[in-house]
Structure formats: C-alpha cells, structure tokens
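In: Turn this into a model:
(2 chains)
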Amino acid sequence: MSKEMDKALVQIIEGITQLICQTSANCTKEVLKIAESYLEKNTHQTLEDFYALYFSQKTEDDKNQINNEVDDLMNQAQASMAKGETVELQVDPEKEKNRLALSAVQKELEGLITLEKDLRNKLAPVLSSMQFEDALRQRMEHIEFGWKHLSEKNFDESSYDLELLKSQMSSTEETASFYKIALNEEPPPEDEGAQKSSVLLF
Amino acid sequence: MKTKDFAGFCEDSFQWCKQESEGATTSILDAIQNISDNAERVSSMSDDVLDALGKIKEKIENIEAENQSDRIEHLTNLLKNFSQNTKSIDDVINPIIRALQFQDRISQNMDNSCRILKAWAENKDKVSDITEFGKILLKNTTMAEERDIIRSIIPGLPEEEEKKGALLF
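Out: Next up, the predicted model:
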C-alpha cells in the first residue's frame, strides 16, 4: 500500500510543480505589463522578445538546447581538427536561427543598459521576475525529475542512480542542499565563480 | 539515499524558492517607483494616476507585516482601495495587484508542498487506505487548484464545496 501512496505523491508533486511554473510565468507577464507604462516602446519590445526567446515553450530550442548546440559545434570543430580535416560544421538552420536571435537580443539588452544611465533600475523588476521564473523552473524540474526517477526504480532505495541525480543540480546552494540533506554527505568544494545563493541580481 | 531524505531536500528547495519569491515581490513594488518617475515621459498618464501612485508608495513604506502572505494581503488591499475609481488608474494598478497575487500563490504552493511531503512521510506507513491518505493531503492545501490535482490522482475524494478563485481577475 505504501508504494501506491508513493506513486500518488509523485504525481501530485508533478502537478503542483507544473502549477507553480505556470503561475510564475503568469506573474512575469503581468510585470511586463507594468513595465509597459514606464519603459520606452522599443525597450519594452526588446524585453518581450528576450522573454519570448528565453522561455518559449513552443520551440524545442530552449536556452539549454541552444547551449548544447554551441557545444556540439565546438565538438565538431575539435574532432575535425584532431583528424587534420577541414572544419566544416553541420548547423541545423532552425537551431542556428534561434541561437542567433537570442544572442542578438541579449546584445541589444546589454547595449540598452550601457546607453541609458537609469535603465538598469527600470529593467530590474522585469529582469528579476524573469530570473526568478528561470530559477524556479530549474528547481521544480529537478524535484520533478528526482521523484520520477525514484518512481521508475519502484522506490527501491538501493537502485537509485545517485550520479544521475547529482548531475541535475545547477547551483552551488542546490548541490550543497542535495549532498547534506538527501545524501547526508559533505558537499563538494565550491567551484570558482559558482552561482550565488540568490538569483535576483538586479 | 533514502526516499525520505530526498523529500527533505525537496522541502529545502521549496523553502529556498519561497525566500526568492519575497525578493521578487519587493522587485514588483520597485516598479511603482519607476512608474512615478517615468510614466509622464513615456505615456499619457494623468495627474490623478500619478497622485495615486505617490500615495500608494508612501503607504507601502509604512506597511508592517508578519510574513510574506500578510504583506501581500495588506498591499493588495491598499492597491484595491485606489483601484475601481477610474479606468486609467485600474490599468496601472491591476497588473501590480495580479503580479502580487501570483507571488502570493507561489508562496502558498511552496508552503503547502512542504506540508504535503511531511504528511506523506508521517502517514504513508500508517494509513492503509489511499482515499484516507488523499483526505490527509487535502487538509494540507489552501488552494482549490492544489486540491483539484490531488482529486485527479486519488479517486473517491469529496468534491470542492467552496467557490474557486483567490484571484480577483
């Protein structure tokens, strides 16, 4: 009977984490609406474009996939060079389009912040909301992933793939929490330049 | 790794997110300052709206609350008092109210997820009937959407009696 309850819990947690992510996305959309009343039109549009590209649910090329694509390109280049071959990269045109679009919008945002003195303060509420949504999504995905893994192993504690679970953690604080609480172990030493505990940089 | 220890890690993550939510709420309120400072320049906001925003800002600074939920309740009540008067004010204030309410919901979801995990750990080996287990979980929620999720997974649970909709919009 306990396994039945464990499985029900996994589904409930999955449902609630998805609800949380949706609520967070709704919140960011409202903050974008608030910003519409005090930002210049082109600045606001840039923010909306950035948000759409960064969090788009419709396209497969989310930011991690974009990063993976860049890694793939680097690997292709290194492999070709190691073989002494000419470097001819195979680029998926659709992925390339999204990668370039995101990086162009990021550059545009950086440019805007540098150009206008007080823009950082004006962008802060929107960017904080986006950062919060991003961090929240990651944490919720890790929780969801962990429970699904435990469920797939039929809650047999001896067969959990701990390396796989460890690999999901994305910040120093989350990793430390996972080691201390889930594994009852000392966390690994912090990497230089590791992510700070608060995600809200603005 | 013990499953209960993984649940403990999840609780810690939910608490971290709740703390971050407080920062995000403060950031939403900073937007009011931005509106006051810049609205005249970029939009045709009337003096009435700017006056209202100035008063709201003053009152926000004096709000004392025990926790995040109380704080958001005070804030939304304050904003609602300024709202409903004119459309131009509503257009500015309503997105702020909705954003604050969404943060409050996130904060409640975080607390309730922790309570659900605790209830599971305490009861999974004690309770033999899944419906009974579901009833225990329902008691650890505050939102209709959470209860809907539990009901959709555990059959035989009583239907919702009260009306849905903590949100005003």
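
In: Next, the buried residues of whichever strand or helix holds residue A:136.
Out: For residue A:136, the host element (DSSP states H and E) is helix A:119-152. By neighbour count on 16 or more other C-beta atoms under 10 Å in any protein chain shown, the buried set for helix A:119-152 is A:119, A:122-140, A:142-144, A:146-147, A:149-151. All C-beta spots, glycine's among them, are computed from the backbone N, C-alpha and C.

In: what is the rounded mean pLDDT of that helix?
Out: Averaged over helix A:119-152, pLDDT sits at 89.

In: Give me the phi and psi for residue A:153.
Out: Note on residue A:153: backbone dihedrals following degrees, to the nearest 10 are phi -90, psi 10.

In: wait, what's in contact with it?
Out: A:159, A:160, A:161 (C-beta atoms under 8 Å, 6 or more residues apart in numbering or on different chains).

In: Closest one of these to residue B:100?
Out: Distance ranking of these against residue B:100, using C-beta to C-beta, places residue A:160 first at 39.6 Å.

In: neighbours of that closest one, just the number please.
Out: Neighbour count for residue A:160, taken as other C-beta atoms under 10 Å in any protein chain shown: 20.

In: Thought residue A:148 was touching it, still the case?
Out: No. In this structure, residue A:160 is not within contact of residue A:148 by C-beta atoms under 8 Å, at 11.9 Å.

In: which element follows the helix or strand hosting residue B:132 toward the C-terminus?
Out: Using DSSP H and E, residue B:132 sits in helix B:130-138. Using DSSP H and E, the helix or strand that follows helix B:130-138 in sequence is helix B:144-153.

In: Could I get the full set of helices for chain A?
Out: For chain A, helices defined by DSSP state H occupy the ranges A:2-36, A:41-55, A:63-82, A:93-115, A:119-152, A:162-168, A:172-177.

In: Any buried residues in the second one, and which?
Out: When burial is assessed from 16+ other C-beta under 10 Å, helix A:41-55 yields the following buried residues: A:43, A:44, A:46, A:47, A:48, A:49, A:50, A:51, A:53, A:54, A:55.

In: And residue A:28, how far from chain B?
Out: For residue A:28, the distance to chain B equals 8 Å [C-beta to the nearest C-beta, to the nearest Å].

In: and that residue, what is it in contact with?
Out: A:51, A:55, A:126, A:129, A:130, A:132, A:133.

In: ok so, going back, the helix holding residue A:136 to helix A:41-55, inter-axis angle?
Out: Put simply, helix A:119-152 runs at 20 degrees to helix A:41-55, going by axes from the mean of the first three to the mean of the last three C-alpha atoms, to 10 degrees.

In: for chain A, what are the low-confidence residue spans?
Out: Along chain A, segments meeting pLDDT under 70 span A:1, A:56-82, A:84-118, A:191-202.

In: could you redo the last one with a cut-off of 80?
Out: For chain A, the stretches with pLDDT under 80 are A:1-2, A:53-121, A:190-202.

In: how near is residue A:122 to residue B:29?
Out: With distances taken as C-beta to C-beta, to the nearest Å, residue A:122 is found 14 Å from residue B:29.

In: go on, residue A:166?
Out: Separation of residue A:166 from residue B:29 (C-beta to C-beta): 38 Å.

In: And for residue A:186?
Out: Distance check for residue A:186 against residue B:29: by C-beta to C-beta, it reads 39 Å.

In: Tell me which of those two has more neighbours.
Out: Each of residue A:186 and residue B:29 has its neighbours counted (other C-beta under 10 Å); residue B:29 has more, 19 against 9.

In: Good, we can wrap up now.
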